[in-house]
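Student: Okay, structure incoming, though there's no sequence with it:
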């Protein structure tokens, strides 16, 4: 391996943010240990761009002009440092989906990455057996197939280890990766104490400049009451809406659907091949969010039950920033009459509660606090561009930004604590001790303390500022306060914006079937409806601290449109939700009707029966799949003016088209959509196998219920004899257990045993007949 420049490009794929945190930490430690080393990137694979990534091994790559000023669009990277998370059943995350799809192309040359050395740190959880770090291992293997050169052994970060993935990362860096960098003959910073030198200036990296445009102390950016008794948020105000729309579009998923003015789904970017997409050079390809009004927001669980799970119906009938960018003429082709497919995902941008924002403002330095409602202009410092932070709205108020853009409810990362340590005011009686405490929490030796203080007790940014009061301590002269700064002020608005994380959108499987929804839709209704099943996250820490989920609490708090205001003539601005819609895991749902579909009685309506296995809110996408097939049956019968008579459904008693194995705790408490399942079951259109884990002395889970169906013969008959599809949704451990049951059952029947069963499932997976949507 030869290297002409001492440059490392850092890329990551992440779902929950852990790989991004690893990339961020590694970059900081490398910069500190090797000051002459050039660190570039710090962006996701898809942000880096498919075309640029696939051209890294080209000898002429270094001569290509940079089309974007961002750090993550780097020229001639000599060493790739990659951080790869695993999600679901050993799958890649969405932040690498386009790149990975392109890398699987059979047309790629085996020498594509011949000039590219790489090191890879994979993240996962050993509790998931063979799926542990599967995505990272698959990426490393594919890179080697395409000629790339692994410069060291793969690193593995285990969520379940004592120090977590960051503890494993630190060990891998010291024991393995630093030796690679030493081979580059990079000058190492002298460190007589054995600890990293802590340069305050290095911690105070300011990425933005802030200009005060207008002081408006009376403004309230959280929500403003209008004369018509409706509320309007700052991102909805005409003076700010375009700025917020530009900001929100940075959060647009790469595969988000696009719609025309009539909300007909278009044949746009999400339907193009992965190697045709290069998001790094085309931010205008990302769209501002759709706007949906909450029409229904009902509790699904019993009022006496500990879990508050909501059913929401959202009507999508508008979009932010309509004039920001327009679709290319070639894309203005309707791809389907349906606005989305069964099993698709709604990606939602939440806001923080006004009360929490006010609490956070109260623990900011007085000079910053006094400007919370002033109109400000934010400019990104060109020389300090970083993909870790995408640009804030160019014009807004600090309170509005904290409400709609900053994730003050998230748990600060260890790197955040390190950065904040530079802003503890040493004039405060505890300033020095608090600064050292923050640094200690950020280091490997303090991993256990960080886990106990931040992770176990769910301390968010508001809690952190309350506990470390030297962060907002200042002695401000009256004249200085008017300007928003003083020599004693360490934490300014600019530095605050350089540290605080932005709100990431949350993903929810859509619980409604588009064909079924369209059948009930009034022809004059603008837009389309979708439904969600959302479990509100709330609990108590070991110390009695109450914590809540950001997006689930936000959705649960929205008041639906009043019954007399659900028509399109009235726009209630207070219940608008910002969202995108992206393809889900079950996009190949078999909908082909049986060839004897007009002959009654018959054994089945569809050529392919489906088995749906889910627990808890995993029922959401499965509900969409089942009712999409029900809608197809209804449409089929309507076209032929046929009716479902008793003798026609009798044949389904033994072989129904749809089978549902659903698990929850108690029938009377959290049996989501139980009335619907019981009704379909009574009509013999659904074979229902419930698993109520707490309704009997011995707990019953879905994997056991599936195992015992038809005295243990069901799985093999469904897959091998009926050639049925299998869809699993819910928690990762449940999904793994169900998959293991299927492999074991097939292994008993197949001559090739469990290895043959795994090959069969992989074949079904490629055809879309076996799919898992799982989350931790």
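Tutor: All right, it came through fine. All of these numbers come straight from a predicted model, not from anything done at the bench.
Student: Tell me which stretches of the stretch 301-450 of the chain form strands.
Tutor: For the stretch 301-450 of the chain, the strands defined by DSSP state E, counting those that start in this stretch occupy 309-319, 345-349, 375-380, 395-397.
Student: Nearest to residue 681 among the ones you listed would be which one?
Tutor: strand 309-319 (19.9 Å; C-beta to C-beta). Backbone N, C-alpha and C define where each C-beta goes, glycine included.
Student: and the strands of the stretch 301-450 of the chain as TSV, adding mean neighbour count and distance to residue 416?
Tutor: Shown next, in TSV, are these (neighbours: other C-beta atoms under 10 Å; distance: least, C-beta to C-beta, whole Å):
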stretch	mean neighbour count	distance to residue 416
strand 309-319	21	31
strand 345-349	24	21
strand 375-380	19	20
strand 395-397	23	22
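Student: Point out the one among the ones you listed that comes closest to residue 459.
Tutor: Closest of the strands of the stretch 301-450 of the chain to residue 459 is strand 345-349, at 23.7 Å (criterion: C-beta to C-beta).
Student: gap between residue 751 and residue 770?
Tutor: Residue 751 sits 20 Å away from residue 770, going by C-beta to C-beta, to the nearest Å.
Student: typo on my end, residue 173
Tutor: Counting by C-beta to C-beta - residue 173 and residue 770 are separated by 38 Å.
Student: circling back: between residue 751 and residue 770, who's got more neighbours?
Tutor: Higher neighbour count among residue 751 and residue 770: residue 770, with 22 against 5, using other C-beta atoms under 10 Å.
Student: beta partners for that one?
Tutor: Beta-bridge partners recorded for residue 770 (DSSP bridges): residue 726.
Student: Please, which helix or strand holds residue 167?
Tutor: Taking DSSP states H and E as the criterion, residue 167 maps to helix 164-172.
Student: who touches that helix?
Tutor: For helix 164-172, contacts defined as C-beta atoms under 8 Å, 6 or more residues apart in numbering pick out 18, 21-22, 25-26, 121, 123, 155-159, 161, 163, 414, 444, 447, 451.
Student: Only the buried residues of that helix, if you could.
Tutor: 164-170, 172 (16 or more other C-beta atoms under 10 Å).
Student: quick one, strands of the stretch 51-200 of the chain?
Tutor: Assigned strands in the stretch 51-200 of the chain, in chain order: 79-85, 117-124, 149-150, 155-158 (criterion: DSSP E, counting those that start in this stretch).
Student: Tell me which of those strands is the most buried.
Tutor: With neighbours defined by mean count of other C-beta atoms under 10 Å, none of these is more surrounded on average than strand 79-85, at a mean of 26.
Student: Packing partners of that strand?
Tutor: Here strand 79-85 touches strand 7-13, helix 18-33, strand 117-124, helix 134-145, going by 3 or more C-beta pairs under 8 Å, 6 or more residues apart in numbering; DSSP states H and E.
Student: Now render these as a markdown table, adding mean pLDDT and distance to residue 525.
Tutor: Formatted as a markdown table, these follow (pLDDT from 0 to 100; distance: least, C-beta to C-beta, whole Å):
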| stretch | mean pLDDT | distance to residue 525 |
| --- | --- | --- |
| strand 7-13 | 93 | 39 |
| helix 18-33 | 92 | 40 |
| strand 117-124 | 96 | 45 |
| helix 134-145 | 96 | 41 |
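Student: from the ones you listed, which stretch is densest packed?
Tutor: Ranked by mean neighbour count, the helices and strands packed on strand 79-85 are led by strand 7-13 with a mean of 26 (mean count of other C-beta under 10 Å).
Student: In terms of secondary structure, what does it contact?
Tutor: Using 3+ C-beta pairs under 8 Å, 6+ apart: strand 7-13 touches helix 18-33, strand 38-44, helix 45-48, strand 79-85.
Student: between the helix holding residue 167 and strand 117-124, how many degrees?
Tutor: Computed with axes from the mean of the first three to the mean of the last three C-alpha atoms, to 10 degrees, the direction of helix 164-172 lies at 150 degrees from that of strand 117-124.
Student: where's helix 164-172 relative to the chain centroid, distance-wise?
Tutor: From the chain centre to the centre of helix 164-172 is a distance of 23 Å (C-alpha atoms, centre = their mean, to the nearest Å).
Student: same thing with stretch 438-447?
Tutor: 27 Å.
Student: can you check stretch 610-625 too?
Tutor: A distance of 20 Å separates the centroid of the chain from that of stretch 610-625, by C-alpha atoms, centre = their mean.
Student: Could you do stretch 655-663 as well?
Tutor: Distance, centroid of stretch 655-663 to centroid of chain: 29 Å (C-alpha atoms, centre = their mean).
Student: buried sites along that stretch?
Tutor: For stretch 655-663, the neighbour count (16+ other C-beta under 10 Å) marks 656-663 as buried.
Student: Lowest-confidence entry in those?
Tutor: Lowest pLDDT among those: residue 656, with 87.
Student: Let me know the secondary structure of it.
Tutor: With DSSP: H, G, I helix; E, B strand; the rest coil as the basis, the three-state label of residue 656 is coil.
Student: Out of the helices and strands packed on strand 79-85, which gets nearest to residue 539?
Tutor: helix 18-33 (20.9 Å).
Student: what packs against the closest one?
Tutor: Judged by 3+ C-beta pairs under 8 Å, 6+ apart, helix 18-33 is in contact with strand 7-13, strand 38-44, strand 79-85, strand 117-124, helix 164-172, helix 178-182, helix 414-420.
Student: Now render the ones you listed as a markdown table, adding distance to residue 148.
Tutor: A markdown table is the format used below for the helices and strands packed on helix 18-33 (distance: least, C-beta to C-beta, whole Å):
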| stretch | distance to residue 148 |
| --- | --- |
| strand 7-13 | 13 |
| strand 38-44 | 16 |
| strand 79-85 | 8 |
| strand 117-124 | 5 |
| helix 164-172 | 19 |
| helix 178-182 | 14 |
| helix 414-420 | 28 |
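Student: mind checking which of those is nearest residue 263?
Tutor: strand 38-44 (29.4 Å).
Student: mind listing the strands in the stretch 501-650 of the chain by residue range?
Tutor: 506-509, 528-535, 538-540, 546-548, 576-582, 610-615.
Student: Give me the residues contacting stretch 751-770.
Tutor: 586-590, 608, 719, 724-727, 739, 742-744, 746-747, 750, 771.
Student: Helices of the stretch 601-750 of the chain, start to end?
Tutor: 619-639, 646-650, 667-670, 674-682, 702-707, 714-716, 732-749 (DSSP state H, counting those that start in this stretch).
Student: If you average pLDDT over each of those helices, which is lowest?
Tutor: Here the lowest mean pLDDT among the helices of the stretch 601-750 of the chain goes to helix 646-650, at a mean of 45.
Student: which stretch among the helices of the stretch 601-750 of the chain comes nearest residue 99?
Tutor: Closest approach to residue 99 among those is made by helix 732-749 (23.3 Å; C-beta to C-beta).
Student: Report all helices and strands that that closest one contacts.
Tutor: Judged by 3+ C-beta pairs under 8 Å, 6+ apart, the packing partners of helix 732-749 are helix 702-707, helix 714-716, strand 725-731, helix 753-767, strand 770-775.
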